[in-house]
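K.L.:
Sequence first, predicted model second:
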Amino acid sequence: MNSSNLLFLDIETTGLSRTMDEMTSLVWYFRGSWHKWIREVDHPDAFLKDWSASEMLCTYNGKCFDEPFLCKTFDVPRHPYHHDLRYSLARLGIKGGLKPISASQGIESPLGISELDGCHAVLLWNLHQQGSKHALDCLLAYNANDVILTHSLYGKFIEKVSPLPSIPWKYDLLWLTEFIQQHPISEISQRRMTRRVSHTEALVQRLTSEQSVNRDGEWYGSVIVFTGWMLDRAGAKMPRPKAREIANSVGFVWAERVISGCTHLVAAQNASDTRKSQAARKLGITIMSPLEFWELIESSKSPS
């Protein structure tokens, strides 16, 4: 495949729910050039043209996060060829978040940018809306850095690619340093996540006592729900108890219905409008197709 036809991208949002939150910025690299889209500023035509022209979409965790937001925001179907590095690296025994994995491979982020996380990106967006050019510059640089990390990992583990040119969006390091000092990651994360985590932990504790769960599995601490006909890896119908058993084997506990504390919903195509799916969207729960469920299961069973 011609590497110039690979589309590398990363998005930022106001939160995790595709129903309640919005995509705020998009940075992509395609055919030798950097591009950006800012909500309420840029028209999506340039991106849509590159989306259609690209032979493959390359992301990290994009199947569960970036791509669903893109499809919702721009009203486009999923990309026909999506290489999500999260799954291919997991099959090599390399698991975790994009930034920790990159750091472990000697791929470092620029000064200041390495101190940012997704919660900071929300705050930077809010400051941009209040008129701060510094905030927008930092947001774009943070956004673009994730593209560079994804591109670097792809080049190291999947296929050799030419190095990316420098990010065209410069940022004021002094301003960013002061911003980080005013908004430590720990305080932001704790404020946003405490309630969701506590609900999930309580649910996991209760369901673990009722199910045969692999407590050493990669996904222990997560709660999954199934809706619609479950399909096996070959696309044939399979009993839901079997799917639940497989989920237990990698650490998931399963619930009968979608409630606060659930983290994943597997929905067949004909179940996209069920009450479970609607409830999951309202709660910001990750919704997967059966195919994506099997990719997750296979990556979880990679040797560590």
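P.N.:
Looks like it arrived, so ask away. Numbers count the residues shown, from 1 in each chain.
K.L.:
Only C-alpha atoms from now on, for both contacts and neighbour counts.
P.N.:
OK.
K.L.:
Point out where the stretch 51-200 of the chain drops to low pLDDT.
P.N.:
185-198 (pLDDT under 70).
K.L.:
Please point out which parts of the helix or strand that contains Lys49 sit buried.
P.N.:
For Lys49, the host element (DSSP states H and E) is helix 45-53. Residues 47, 50-51 are the ones in helix 45-53 that count as buried (16 or more other C-alpha atoms under 10 Å).
K.L.:
Leu139: which of the residues you listed is nearest?
P.N.:
Distances from Leu139 to the buried residues of helix 45-53, taken as C-alpha to C-alpha, are shortest for Phe47 (18.5 Å).
K.L.:
Now for that closest one: which residues touch it?
P.N.:
By C-alpha atoms under 8 Å, 6 or more residues apart in numbering, the contact list for Phe47 reads Trp37.
K.L.:
try it again with 10 Å
P.N.:
26-28, 30, 35-37, 53, 74 (C-alpha atoms under 10 Å, 6 or more residues apart in numbering).
K.L.:
Just the buried subset of these, please.
P.N.:
Buried among those by 16+ other C-alpha under 10 Å: 26-28, 30, 36-37.
K.L.:
export those to CSV and tack on pLDDT, distance to Gly155 and secondary structure?
P.N.:
Output for these, formatted as CSV (pLDDT from 0 to 100; distance: C-alpha to C-alpha, whole Å; DSSP: H, G, I helix; E, B strand; the rest coil):
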residue, pLDDT, distance to Gly155, secondary structure
Leu26, 98, 22, strand
Val27, 98, 19, strand
Trp28, 98, 16, strand
Phe30, 97, 15, strand
Lys36, 97, 22, strand
Trp37, 98, 25, strand
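K.L.:
In TSV, list those along with distance to Thr59.
P.N.:
Converted to TSV, the buried ones among the contacts of Phe47 look like this (distance: C-alpha to C-alpha, whole Å):
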residue	distance to Thr59
Leu26	12
Val27	12
Trp28	10
Phe30	13
Lys36	16
Trp37	17
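K.L.:
any idea which of those residues is closest to His120?
P.N.:
The closest of the buried ones among the contacts of Phe47, once distances to His120 are taken by C-alpha to C-alpha, is Leu26, at 15.8 Å.
K.L.:
Would you indicate which residues of the helix or strand hosting His134 are buried?
P.N.:
Here His134, judged by DSSP H and E, is contained in helix 133-157. Residues of helix 133-157 classed as buried by neighbour count (16+ other C-alpha under 10 Å): 134-154.
K.L.:
what's the answer for stretch 153-170, then?
P.N.:
153-154.
K.L.:
measure that stretch end to end?
P.N.:
23 Å (C-alpha to C-alpha, to the nearest Å).
K.L.:
what about it, distance to the chain center?
P.N.:
19 Å (C-alpha atoms, centre = their mean, to the nearest Å).
K.L.:
Kindly report the same for stretch 201-216.
P.N.:
Distance of stretch 201-216 from its chain centroid, counting by C-alpha atoms, centre = their mean, is 25 Å.
K.L.:
Residues in contact with that stretch: which ones?
P.N.:
Residues contacting stretch 201-216 (C-alpha under 10 Å, 6+ apart): 197-198, 200, 220-223, 244-255, 259-262.
K.L.:
distance of Arg76 from Phe69?
P.N.:
Check again: residue 76 is Val, not Arg. For Val76, the distance to Phe69 - C-alpha to C-alpha - is 10 Å.
K.L.:
which one of the two has more residues nearby?
P.N.:
Under the criterion of other C-alpha atoms under 10 Å, the comparison of Val76 against Phe69 puts Phe69 first, with 23 against 14.
K.L.:
I figured that one hits Pro77, correct?
P.N.:
No - the criterion here is C-alpha atoms under 10 Å, and Phe69 misses it with Pro77 at 11.1 Å.
K.L.:
a helix runs through Phe226, doesn't it?
P.N.:
No - counting by DSSP: H, G, I helix; E, B strand; the rest coil, Phe226 is not part of a helix but strand.
K.L.:
so it makes contact with Arg244?
P.N.:
Yes - between Phe226 and Arg244 there is a contact under C-alpha under 10 Å: 8.2 Å.
K.L.:
quick one: common contacting residues for these two?
P.N.:
Joint contacts of Phe226 and Arg244 (C-alpha under 10 Å, 6+ apart) are 254-255.
K.L.:
When the two are compared, which one has more neighbours?
P.N.:
Neighbours per residue (other C-alpha under 10 Å) separate Phe226 from Arg244, with Phe226 holding more: 26 against 18.
K.L.:
Tell me which residues touch the more buried one, please.
P.N.:
240, 243-244, 254-258, 264-268, 271, 276-277, 287-290.
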